[in-house]
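J.: I would like the atomic coordinates for the input below:
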Amino acid sequence: MAKLFWQSLLAVPAALGAAVAVSGSAIAAEAATTQVSNFDQDSIQLAQITSVSELTDVLPSDWAFQALQSLVENYGCIQGYPDRTFRGQRSMTRFEFAAGLNACLDVIATLIAQSGINPEDLATIRRLQEEFQAELATLRGRVDALEAETATLRAQQFSTTTKLAGQVDMHIVTPFDTLATDTSTSVAARARLNFDSSFTGRDRLRVRLQSGQGDAATGFGLANAGGLDYNVTVDDFYYSFPLGNRITVTAAARGLSGDDWVTSTIVPFDGPGVFDPSGPQFYDFGGSTSNGAGLGINFALTDNIILDLGYTAGNGTSLAPQATGPAVGIFAANNQSYIAQLNFLSDGFFNAAATYLHSDGAAAGVPGATDTFAGLLNLDFGGFFIAGHGAFTSFVGGDTFSWNAGLGFNNFLAEGTQLGVYAGESPSATAAKPFFVEGYYEIPFNQFLTITPSVLYGNTNAPGVADTSGLWGALRATFRF
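T.: Next comes the predicted model:
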């Protein structure tokens, strides 16, 4: 009996240590999250079991099987869920811990009532208590400190629903061939602050502030640049929410048009590439309506086939800055665009999309509306990929064909890097056929900093201009926080 008593008594320090660990984990979790989760109510509806074999999800091969077997069969202080599962891989709530601890203490109380406590055993308990008094005091102090820190974080937190994320892109660009319009090394930068709020855990309200200055490479530009005198603007303002499990709806007041509505632009060098042609340029041809209001729907027909639909009215506000009357509004605006794209997306070899895009927006040299039909393709061989797109665009008085194609190597020389080379032609409303070739090497140094050196050859092929070709080198540093 004494041996059984001591075995049960020795379970108490372990239970108390588990209590401290659970409390510390709960406090740390509360400090890290922004929303309070409701406990699963069936977690406290536990049932006493008499044999570990009653637990359907506990196997003899499990590393803790013998411990569970001993606690069940020797002490009878392990309880399972009503469906006879133990769920040993999930975290337990404070309710569950209290129920389990109470069952073990009931066993100890029964043993004490049956056999009493030997004076020598009581003296040993007191000696152990004194011996570990310093350790217990340290643990108590750490728990108190965590509670105080958690209270401070709650009192000073920015928001329970909103997260702040930022990205800064800084460029140094130098022309290797001196052109009349581009003669010296220049600097361009752009900063973004995203305020993302979620009210259900599946929706997102985004407000993006953006500021920047400069661009480079005459006729081609940088992918992550733009802005004037670092004036701060609201670049994105939209709310996205799910309808069921397969439909996502996005309502935008500003910032979304063209490829902003689609699930993927397919080509992997859209993003890692430094210069603007790295992204399919047909999405932006025909005039930008990104300052207007819009609505988008993403419909997952299957796990791999997704239909994207988007509409943007460039003069969607009730009082447009430069126009009023019938040409203003989300349906009557004379500056509007809409897009439909059908995607096949997989984690394997083949990814593709077919796109139709119409734009009524006026751009420099583009007379009237444009209609674009495009196809995009990415063949992923694991270590490297081959990708590209082709787009035919018609407009009043003519048409144009644009494309890009290239290949790249993921994890080239280092984990997380991408080496890529692509070439192509930009869409044009004139007889010009702007041609470009870029090579880049994206190097992530850590989760906060990425460095991308790049070289671009471009020829705008402008009619009547003797030399429209140039060679540029660029170095982009991207900071994320």
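J.: so where does Asp303 fall, helix or strand?
T.: According to DSSP states H and E, Asp303 maps onto no helix or strand at all.
J.: Neighbours of it, how many?
T.: 9 (other C-beta atoms under 10 Å). From N, CA and C alone the C-beta is placed, and that goes for glycine too.
J.: cool, Leu139 as well?
T.: Residues within reach of Leu139, counting by other C-beta under 10 Å, total 17.
J.: I'd like to know which helix or strand in this protein has the lowest mean pLDDT.
T.: Least confident helix or strand, the chain: helix 11-32 with a mean of 37, by mean pLDDT, DSSP states H and E.
J.: now the helices for the protein?
T.: Applying DSSP state H to the chain gives helices spanning 2-9, 11-32, 65-70, 94-115, 119-131, 133-156.
J.: need the least confident one among those, by mean pLDDT.
T.: When these are ranked by mean pLDDT, helix 11-32 comes last with a mean of 37.
J.: Show me the beta-bridge partners of His389.
T.: Leu376, Asn404 (DSSP bridges).
J.: That one and Phe401 touch, don't they?
T.: No. With contact defined as C-beta atoms under 8 Å, His389 and Phe401 do not form a contacting pair (11.2 Å).
J.: Comparing those two, which residue is more hemmed in?
T.: Between His389 and Phe401, counting by other C-beta under 10 Å, His389 is the more crowded of the two (26 against 13).
J.: what ranges of the stretch 201-350 of the chain fall below the confidence cut-off?
T.: Within the stretch 201-350 of the chain, the stretches with pLDDT under 70 are 287-288, 315-329, 331-334.
J.: what about 90?
T.: Filtered on pLDDT under 90, the stretch 201-350 of the chain yields the residue ranges 201, 214-221, 226-229, 255, 257, 284-293, 313-337, 347-348.
J.: all strands for it, in order.
T.: Using DSSP state E, counting those that start in this stretch, the strands of the stretch 201-350 of the chain run over 204-213, 233-243, 247-254, 293-300, 305-313, 336-344, 350-359.
J.: so who does Ala462 touch?
T.: 219, 430, 432, 468 (C-beta atoms under 8 Å, 6 or more residues apart in numbering).
J.: what about the third one, how many residues close to it?
T.: Meaning Ala432. Other residues near Ala432 come to 20 when the count uses other C-beta under 10 Å.
J.: How about the one 3 residues further on?
T.: The number of residues packed around Phe435, counting by other C-beta under 10 Å, is 17.
J.: contacting residues around it?
T.: Per C-beta under 8 Å, 6+ apart, neighbours of Phe435: 423-425, 458-459, 461.
J.: Inside strands: which ones of these?
T.: Counting by DSSP state E, the part of these found in strands is 423-425, 458-459.
J.: what's the overlap in contacts for His389 and Phe401?
T.: Between them, His389 and Phe401 share no contacting residue, judged by C-beta under 8 Å, 6+ apart.
J.: Gly439 is in contact with Phe409, isn't it?
T.: No. The criterion here is C-beta under 8 Å, and Gly439 misses it with Phe409 at 11.6 Å.
J.: how deep is Phe195 tucked in, by neighbour count?
T.: Neighbours of Phe195 under the rule other C-beta under 10 Å: 16.
J.: Run through the residues that contact the closest residue to it other than its chain neighbours.
T.: Leaving out its chain neighbours, the residue that sits closest to Phe195 by C-beta to C-beta, 6 or more residues apart in numbering is Val207, at 4.6 Å. Residues counted as contacts of Val207 (C-beta under 8 Å, 6+ apart) are 194-195, 234, 236-237.
J.: Looking at these, which one is closest to Ala137?
T.: Nearest to Ala137 among the contacts of Val207, counting by C-beta to C-beta, is Phe195 at 43.7 Å.
J.: Beta-bridge partners for the closest one, please?
T.: Under the criterion used (DSSP bridges), Phe195 bridges to Leu164, Val207.
J.: check contacts around it.
T.: 162-164, 206-209.
J.: re the thing from before, measure the residue nearest to Phe195 to Arg192 for me?
T.: For Val207, the distance to Arg192 (C-beta to C-beta, to the nearest Å) stands at 11 Å.
J.: again, but for Leu111
T.: Applying C-beta to C-beta, the value for Leu111 to Arg192 is 65 Å.
J.: likewise Asp83?
T.: Counting by C-beta to C-beta, the gap from Asp83 to Arg192 is 48 Å.
J.: Then Ser359?
T.: For Ser359, the distance to Arg192 - C-beta to C-beta - is 25 Å.
J.: the residue most distant from the middle of the chain, which is it?
T.: Pro119 (62.7 Å; C-alpha atoms, centre = their mean).
J.: That residue and Phe132, how far apart?
T.: Per C-beta to C-beta, Pro119 is found 21 Å from Phe132.
J.: what's the answer for Gly296, then?
T.: For Gly296, the distance to Phe132 equals 62 Å [C-beta to C-beta].
J.: who's more crowded, those two?
T.: Neighbour count, other C-beta under 10 Å: between Gly296 and Phe132, Gly296 has more, with 23 against 13.
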